[in-house]
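# Please find the sequence and the predicted model below.
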Amino acid sequence: MTWVSDHFGQLLQVSGQHLVLALLPVLIGFVLSVPLGWVAHRWRLARTILIPLSGLLYTIPSLALFVVMPALIGTRILDPLNVQVALTIYTIALLVRSVADALDAVPGHVVAAANAMGFGQLRRFFTVDLPLSVPVLTAGVRVAAVTNISLASIGAIIGVESLGSFLTEGFNRTNYPEIIAGIVAILVLALVVDALLLLVGKLITPWTRATRGASKGASA
Amino acid sequence: MNAIWAWLTDPLNWSGYAGIPVRIGEHLTYTAIAVLIAAVIALPLGLYVGHTGRGSFVVVGVVNSFRALPELGLLILLVLVMGVALALQAVTIALVALAIPPLLAGTYSGVRNVDPEVVDAARGMGMSELKIALTVELPIALPLIIGGLRAATLQVIATATIAAYVTLGGLGRFILDGLAFHDYASMAGGAVLIAALAIVVEAILTVVQRLAVSPGLRTARTRRRATRASSEPVAEAAGAQA
C-alpha cells in the first residue's frame, strides 16, 4: 500500500497513457469498420473475403503482431505506433463482422418503410440502419475496448510504456505491490470503460427501453 | 524483410537444442498440456451447469471478467510466487486458468442451445439425466464445444509466447532473445513463426469443428435450408458467440 501512495501520481499518469494506447485504436478501428462492414453486408463476394480475413488477422498473437509491425510500416521497435496499429487491426477484425451482422439484422419491413418514405441510400444508412445496429455494435465495441486494454499491457515486454510496465518492472525487482497495483489498475480501467460504453449505448438508443416497457405493459 | 527471410531460411536456425523445431515442440507441448487440463475441468463443469442451469450466473460472470485480466500480470505473479525453479508449473497454471473460460462458455452455451423438446423426448424415452447429458446434449453441443476449444487453444498459444518473458522456452524465446541482442531478424522471424503456428492450429480446429456436427443435425439443417434459406446466418452467429 505504501508503494501505491508513493507512486499515485505516476499510476494516474501512466493510466492515461495506457488509455490512449488502448482506446485510440478502438476509435480509429470503429470508424474504419463501419464502411468495411457495410461493404461486407452489401456484397456477398466482399463478405466471403472480408470475414475470413478478419478471422485470420484476429488469430495472430499480439506479441507477434507488435513485433512484425516495424517490418510492415517502417517504425522503430520501441515506437508505441506498433502497438496502436496492431490493436487497430484487432479492433477492425472484430468489428467488421459485428457491423455486417448488425446491418443484416435490420428488419426488412423497416428498410422498406424508409425506402417508401423516399429516404436516399446514404440518409437511410445514417438515420435508420446504423442507429438500429447500435445495440449489436455496442456489444462489439465493449469487447474490443476491454480486450485492447488487456493487450496493450503486453507491449511493455518490447518496451512500449503502459500500465504493463509496472508488471515488467515489478518482475525485475520482485516488487509485489507494484505488480498487484498494475494488475488492479488494468482491471479497473477495463471495468470502468466497459461500464461507460454500456451506459452510452443505452443512452443513445432510448427506443430500446421504450419498446421493452411497452411489451411488458402489453403482457401484463 | 530480406533479413527476416534470411533468418527463417538459415539452416543453422533449424537445428540444435535451441533450433526452431525444438521451440515449436516446446510451444505445442505447453499448449497441449494446458488445454488438456483445462478441458478435464471445464467440460464436465460446463455440461453440469448447462444441463441443470445451476450456477449459470457464475459462469457468465467468470467468463466476462477473465477477458479483462492481463495475461502478463497473471504469469508474472504466479512465477514470482512459486519461484523461477517452478516456472513451468506456474506458467501451466496460468495457461490453464486462461483456457478454462472459453471452454466453459462453449460447453455451457452449446448445452443451453440444445432444443428443449429433444431433451424432453429423451426423458420421455426413459433416459437417465446422465445419459441425456452424455448421449443427447454432448453430441448436439459438440460444434460449440469445439468452438470453445478453438478459442481456448489460440488464447493459450498467444500467452505461451509471453512465457518466454518469465524464463521459459517456446517460440517466444526468439522474440525475447532477439530483443536482448538487438537482433531484429530473429524477433520478426520468431513472430512470423508464431503467427503461422496459430493460423495452422486454427485452420485444423476449424475443420474439426465442421466435422463435429452430428450427422442427424447435418441432414436436418440441409432439409431446413431447402425450405427456408434464412436459417444459415442464425447458425453462423451462434458459432461466432463461442
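Looks like it came in fine.

# give me every residue that touches the residue nearest in space to the middle of chain A.
The centroid of chain A falls nearest to residue A:144 when counting by CA atoms, centre = their mean (2.8 Å). Listed by CB atoms under 8 Å, 6 or more residues apart in numbering or on different chains, the contact set of residue A:144 reads A:26, A:29-30, A:90-91, A:94-95. To be clear about C-beta, it is placed using only N, CA and C from the backbone, and glycine gets the same treatment.

# now residue B:90
Counting by CB under 8 Å, 6+ apart, residue B:90 touches B:75, B:78-79, B:81-82, B:166.

# element containing it?
When elements are defined using DSSP states H and E, residue B:90 is found to belong to helix B:87-112.

# continuing past that helix, what's the next helix or strand?
Tracing the chain past helix B:87-112, the next element assigned as helix or strand by DSSP H and E is helix B:116-124.

# contacting residues around the very next helix or strand once past that next one?
Tracing the chain past helix B:116-124, the next element assigned as helix or strand by DSSP H and E is helix B:129-131. With contacts defined as CB under 8 Å, 6+ apart, helix B:129-131 is touched by B:51, B:122.

# about what we covered before: so of the contacts of residue B:90, which ones are in helices?
Counting by DSSP state H, the members of those that fall within helices are B:75, B:78-79, B:81-82.

# those helices in chain B, which residues are they?
Per DSSP H, chain B carries helices over the ranges B:2-9, B:20-52, B:56-68, B:71-82, B:87-112, B:116-124, B:129-131, B:138-162, B:172-180, B:184-211, B:215-227, B:231-241.

# Same question for chain A.
A:2-6, A:8-42, A:44-59, A:62-73, A:80-104, A:108-116, A:121-124, A:130-152, A:164-173, A:176-203, A:206-219.

# Export the ones you listed to JSON lines and append columns for mean pLDDT.
Putting those into JSON lines (pLDDT from 0 to 100) gives the following:
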{"stretch": "helix A:2-6", "mean pLDDT": "83"}
{"stretch": "helix A:8-42", "mean pLDDT": "92"}
{"stretch": "helix A:44-59", "mean pLDDT": "90"}
{"stretch": "helix A:62-73", "mean pLDDT": "91"}
{"stretch": "helix A:80-104", "mean pLDDT": "93"}
{"stretch": "helix A:108-116", "mean pLDDT": "91"}
{"stretch": "helix A:121-124", "mean pLDDT": "88"}
{"stretch": "helix A:130-152", "mean pLDDT": "91"}
{"stretch": "helix A:164-173", "mean pLDDT": "92"}
{"stretch": "helix A:176-203", "mean pLDDT": "92"}
{"stretch": "helix A:206-219", "mean pLDDT": "60"}
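
# Within range of chain A, give me the residues from chain B.
Counting by CB under 8 Å from any CB of the partner chain, the residues of chain B lying close to chain A are B:1, B:4, B:67-74, B:76-77, B:79-80, B:154, B:157-158, B:161-162, B:165-166, B:172, B:175-176, B:179, B:184, B:187-188, B:190-192, B:194-195, B:198-199, B:202, B:233, B:237, B:240.

# Show me just the buried residues among those residues.
Buried positions within these, assessed by neighbour count (16 or more other CB atoms under 10 Å in any protein chain shown), are B:4, B:67-74, B:76-77, B:79-80, B:154, B:157-158, B:161-162, B:165-166, B:172, B:175-176, B:179, B:184, B:187-188, B:190-192, B:194-195, B:198-199, B:202.

# my guess is residue A:105 meets residue A:136, correct?
Yes. Shown here, residue A:105 and residue A:136 form a contact pair, counting by CB atoms under 8 Å, at 6.7 Å.

# ok, the two, which is more surrounded?
Taking residue A:105 and residue A:136 together and counting by other CB atoms under 10 Å in any protein chain shown, residue A:136 has the greater number of neighbours (19 against 14).

# re earlier: the inter-axis angle of the helix holding residue B:90 versus helix B:20-52?
Between the axes of helix B:87-112 and helix B:20-52, defined by axes from the mean of the first three to the mean of the last three CA atoms, to 10 degrees, the angle is 40 degrees.

# Any buried residues in helix B:87-112, and which?
B:87-88, B:90-112.

# In CSV, list the C-alpha atoms belonging to stretch B:192-200.
As requested, the backbone C-alpha atoms of stretch B:192-200 are provided in CSV (Å, rounded to 0.1, in the frame of the first residue of the first chain):
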residue,chain,number,x,y,z
VAL,B,192,6.2,-14.9,-38.2
LEU,B,193,6.6,-18.5,-36.9
ILE,B,194,4.2,-17.8,-34.0
ALA,B,195,1.6,-16.3,-36.4
ALA,B,196,2.0,-19.2,-38.7
LEU,B,197,1.6,-21.7,-35.9
ALA,B,198,-1.5,-20.0,-34.6
ILE,B,199,-3.1,-19.9,-38.1
VAL,B,200,-2.3,-23.6,-38.8
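
# quick one, what contacts residue B:80?
Taking CB under 8 Å, 6+ apart as the definition, contacts of residue B:80 comprise A:171, A:174, A:176, A:179.

# which of these are buried?
For the contacts of residue B:80, burial is judged from neighbour counts taken by 16+ other CB under 10 Å, and it is met by A:171, A:179.

# quick one on the thing from earlier: in the ones in helices among the contacts of residue B:90, which residue is surrounded by the most others?
Ranked by neighbours (other CB under 10 Å), those are led by residue B:75, which has 26 neighbours.

# So what's the residue count around residue A:3?
The tally of other residues near residue A:3 (other CB under 10 Å) stands at 17.

# Just list the residues touching the closest residue to it other than its chain neighbours, thanks.
Sequence neighbours aside, residue A:177 is the residue nearest to residue A:3 in space, at 3.7 Å (criterion: CB to CB, 6 or more residues apart in numbering or on different chains). Going by CB under 8 Å, 6+ apart, residue A:177 touches A:1-4, A:170.
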